[in-house]
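Any chance you can model this:
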Amino acid sequence: MAQLVKLTMLSSLGLGTTLTFLSSHWLLAWMGLEISTLAILPLMAQHHHPRASEATTKYLLIQACATGMLLFATALNAWMDMMWNIVEMKDSIAIALATLALALKLGLAPFHFWLPEVMQGLDLTTGLILSTWQKLAPFALLFQISHATLPNLLTAIGLTSAAMAAWGGLNQTQLRKILAYSSTAHLGWMIIVIQYSPNLAMMSLGIYIFMTMAAFLILKETSSTKISVLSLSWSKSPMMAVTLILILLSLAGLPPLTGFMIKWYILEEMTKQSMTLSATLIVMTALISLYFYIRLGYFTAITLFPNTTKIKALWRRKNKQDKIPLATVTTVALTFLPMAPLIVALANSYA
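This is a model prediction of the structure:
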């Protein structure tokens with residue numbers, strides 16, 4: 001793809017998400033969602049591979065279905081209450097339909113089955129955009145209607161997402177699919193708490209984006225897309241392998257890494273809301289997710305002695321990736337736990 005075309009698509013991607021951020025009218029928000037969706041399609045199909053074309057087609061159909069459901073919900077709300085303002089949705093059926101449409105766009109369970117399949121057909125850079133930037137606009141809309149959404153519906157979606165993503169990632173060997181299930185599980189935690197503490201949900205989304213960026217950039221640095229290739233990363237770059245293990249443990253939510261902050265504050269908020277049973281269930285799903293993160297860490301830590309292998313080893317390759325973004329997101333993903341009280345205090349002060 002020509003650099004000018006790629007720059008145009010990336011600019012349109014940013015423009016669409018920014019338009020959704022700044023919108024208070026549902027039609028403007030819909031325009032922003034459509035601009036960002038249409039902008040990422042050429043980036044997904046740029047490699048002219050059957051898998052990429054299949055992933056692009058699936059993504060287009062899923063997003064079109066979600067957008068149609070969202071338009072129907074907003075039109076129903078306008079018909080019932082004569083309101084097109086995002087924060088003034090009052091009709092319960094329209095709110096439920098809008099929530100389900102945004103859940104479909106975000107890849108939340110039980111509408112998450114498209115996300116691993118689409119992610120598998122993309123390269124790591126486009127997969128990074130799909131896992132991070134494309135989550136911002138639908139999450140911003142869900143943030144604005146969170147005060148009016150049905151609590152039981154959001155709790156059910158969150159618990160189902162955490163549970164099904166944990167089970168779905170157990171037997172995977174493709175790293176992009178595992179990160180797709182990880183995305184669904186983390187968003188499930190955020191969806192549960194967004195109705196009670198939207199600022200905490202936004203902070204959790206920001207930290208998740210930094211952790212996911214770190215994981216994708218390290219996988220791109222080591223050219224790892226499968227577990228069998230991941231087991232060679234220690235021989236190629238021991239420092240990257242250690243960093244990847246720490247990033248995976250941070251995604252799992254183990255202290256003293258940054259990912260522990262998300263789960264700790266969400267569980268604290270759920271306890272304050274007397275959601276003891278839901279907190280217990282989501283912690284049990286986190287234990288299941290911990291298994292496949294530790295499994296990836298185990299394969300990363302394998303040290304292979306000189307032997308004959310049938311796997312193509314990329315020992316000597318030209319590395320042109322900039323290390324500054326990788327160093328920045330890795331630092332945030334690993335060492336921001338001591339800053340947790342300050343971050344929460346700042347979030348509460350702007351509430």
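
How far off centre is stretch 236-251?
What separates the centre of stretch 236-251 from the centre of its chain is 19 Å, taken as CA atoms, centre = their mean, to the nearest Å.

and that stretch, which residues are buried?
236-237, 240-241, 243-251 (16 or more other CB atoms under 10 Å). To be clear about C-beta, it is placed using only N, CA and C from the backbone, and glycine gets the same treatment.

likewise stretch 337-351?
Judged by neighbour count (16+ other CB under 10 Å), stretch 337-351 contains these buried residues: Leu337, Ala340, Ile343, Val344, Ala347.

chain center to it, what's the gap?
With CA atoms, centre = their mean, you get 22 Å for stretch 337-351.

What average pLDDT does it get?
For stretch 337-351, mean pLDDT rounds to 76.

next one: stretch 61-70
94.

Name the residues that touch that stretch?
By CB atoms under 8 Å, 6 or more residues apart in numbering, the residues outside stretch 61-70 that reach it are 30, 33-34, 37, 97-98, 100-102, 104-105, 114, 118.

Output those as JSON lines; include the columns distance to His49, neighbour count and secondary structure.
Converted to JSON lines, those look like this (distance: CB to CB, whole Å; neighbours: other CB atoms under 10 Å; DSSP: H, G, I helix; E, B strand; the rest coil):
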{"residue": "Trp30", "distance to His49": "31", "neighbour count": "18", "secondary structure": "helix"}
{"residue": "Leu33", "distance to His49": "27", "neighbour count": "25", "secondary structure": "helix"}
{"residue": "Glu34", "distance to His49": "26", "neighbour count": "16", "secondary structure": "helix"}
{"residue": "Thr37", "distance to His49": "21", "neighbour count": "21", "secondary structure": "helix"}
{"residue": "Leu97", "distance to His49": "36", "neighbour count": "19", "secondary structure": "helix"}
{"residue": "Ala98", "distance to His49": "35", "neighbour count": "27", "secondary structure": "helix"}
{"residue": "Leu100", "distance to His49": "32", "neighbour count": "19", "secondary structure": "helix"}
{"residue": "Ala101", "distance to His49": "30", "neighbour count": "24", "secondary structure": "helix"}
{"residue": "Leu102", "distance to His49": "30", "neighbour count": "26", "secondary structure": "helix"}
{"residue": "Leu104", "distance to His49": "26", "neighbour count": "21", "secondary structure": "helix"}
{"residue": "Lys105", "distance to His49": "25", "neighbour count": "25", "secondary structure": "helix"}
{"residue": "Trp114", "distance to His49": "18", "neighbour count": "19", "secondary structure": "helix"}
{"residue": "Val118", "distance to His49": "14", "neighbour count": "24", "secondary structure": "helix"}
